[in-house]
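Chemist: quick one, structure for this:
(one chain, ligands or ions: 1)
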Amino acid sequence: MRLRPLVRVCLSTALIPQFRVEEYITVVIDILRATTSFAVALDRGASEIRPVRSLRACRAYKRLGYLTAAERGAQKVPGFDFGNSPYDFLAADLQGKKIAFTTTNGTRALWAVRHARKVVTGAFVNMSVLLNWLRQQDQPVLLLCSGWKDQVNLEDTLFAGAVATELEGDFRVNDDATLIAMSLYQMADHRKKYYLEHSAHFERLVELGMQNDVKYSLRRDLHPVLPYYQEGRLVNALSVPV
Ligand code: MLT
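Modeler: Residues are numbered from 1 along each chain as shown. Sure thing, here's the model as predicted:
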């Protein structure tokens, strides 16, 4: 009888060297706010998101006709078209536009797993589409929590636990990091906001007046897209052949 594929959680980008990412479909998670913003931008019609690691690279794409989004320390970097708030992208006409994107953690995590078997990004706002696609792939899955500057964080871990819990019937779990994430989710499921109100990044965003970004980022299935990393950029796998 064929074993069900594994689902595993990597609690921080710093731990990626412990995984042979080429063996996994990897889901990059950055709930507050990069992978939430990616889903919003693609759902608003952006044709691609080009994740880059530096502000300099982001500026270079501007000269190639890209729109640009840059966040550092949770704030929009002056001189770029957008920061990293989902509301930046909800308010914009993005139809057919290309966006070069750099953030403190999310785009860095994407770079760290660029050689994985396949790479997609996940968030509460596109969760059901992600779950359905992962079940169809029927391959080992690695849920990468971007965290904050290599520190483990609550929101990414909680989402990874939610995904692993939902996949449990179709996937196997055999490691403690995944069990930790699942336990956190099962404790917090109906009180996500309460649990997350004390997360470091929640407090950082509230101090910056961005509490609405947090509320938006915790809502499920607002944006039925699947950001898929192909040839160095994210495209919506539901609207282009991948
Ligand atoms: C990140 O990628 O580091 C986060 O999304 C930070 C933020 O924009 O709040």
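Chemist: please identify the helix or strand for the closest residue in space to Asp221 that isn't next to it in sequence.
Modeler: Leaving out its chain neighbours, the residue that sits closest to Asp221 by CB to CB, 6 or more residues apart in numbering is Ser128, at 4.9 Å. For the C-beta atoms, the positions are set from N, CA and C on the backbone; glycine is no exception. Using DSSP states H and E, Ser128 falls within helix 127-137.
Chemist: point out the residues in this structure that sit beside the ligand.
Modeler: Contact residues, the chain versus the ligand (CB under 6 Å from any ligand atom): 30, 32-34, 71, 74, 84, 103-106.
Chemist: quick revisit: distance from the chain centre to the helix holding Ser128, please.
Modeler: Computed by CA atoms, centre = their mean, to the nearest Å, the chain-centroid distance of helix 127-137 equals 14 Å.
Chemist: what helices or strands is the helix or strand that comes right after that helix leaning on?
Modeler: Using DSSP H and E, the helix or strand that follows helix 127-137 in sequence is strand 141-145. The contact analysis (3 or more CB pairs under 8 Å, 6 or more residues apart in numbering; DSSP states H and E) places strand 141-145 against strand 7-10, strand 25-29, helix 154-167, helix 176-188.
Chemist: among the ones you listed, which is the most enclosed?
Modeler: A comparison of the helices and strands packed on strand 141-145 by mean neighbour count, using mean count of other CB atoms under 10 Å, puts strand 25-29 on top with a mean of 28.
Chemist: need the helices and strands packed on strand 141-145 in TSV (columns: mean pLDDT).
Modeler: Listed next are these as TSV, based on pLDDT from 0 to 100:
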stretch	mean pLDDT
strand 7-10	98
strand 25-29	98
helix 154-167	96
helix 176-188	95
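Chemist: same list, the residues of the chain next to the ligand, but as JSON lines with pLDDT and secondary structure please.
Modeler: Output for the residues of the chain next to the ligand, formatted as JSON lines (pLDDT from 0 to 100; DSSP: H, G, I helix; E, B strand; the rest coil):
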{"residue": "Asp30", "pLDDT": "98", "secondary structure": "coil"}
{"residue": "Leu32", "pLDDT": "96", "secondary structure": "coil"}
{"residue": "Arg33", "pLDDT": "97", "secondary structure": "coil"}
{"residue": "Ala34", "pLDDT": "98", "secondary structure": "helix"}
{"residue": "Glu71", "pLDDT": "97", "secondary structure": "strand"}
{"residue": "Ala74", "pLDDT": "93", "secondary structure": "coil"}
{"residue": "Asn84", "pLDDT": "97", "secondary structure": "coil"}
{"residue": "Thr103", "pLDDT": "97", "secondary structure": "coil"}
{"residue": "Thr104", "pLDDT": "95", "secondary structure": "coil"}
{"residue": "Asn105", "pLDDT": "96", "secondary structure": "coil"}
{"residue": "Gly106", "pLDDT": "95", "secondary structure": "helix"}
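Chemist: list only buried entries from these.
Modeler: Neighbour counting with 16 or more other CB atoms under 10 Å marks 30, 32-34, 71, 74, 84, 103-106 as buried within those.
Chemist: which of the residues you listed sits closest to Glu168?
Modeler: Closest approach between these and Glu168, by CB to CB: Asp30, at 23.3 Å.
Chemist: for the residue nearest to Asp221, what are its contacts?
Modeler: 220-221, 224 (CB atoms under 8 Å, 6 or more residues apart in numbering).
Chemist: compare the residues you listed and tell me which is most surrounded.
Modeler: Pro224 (16 neighbours; other CB atoms under 10 Å).
Chemist: just say helix, strand or coil for it.
Modeler: Using DSSP: H, G, I helix; E, B strand; the rest coil, the structure places Pro224 in coil.
Chemist: make sure it is actually in contact with Ser239.
Modeler: No. Pro224 sits out of contact with Ser239 when judged by CB atoms under 8 Å, with a separation of 10.5 Å.
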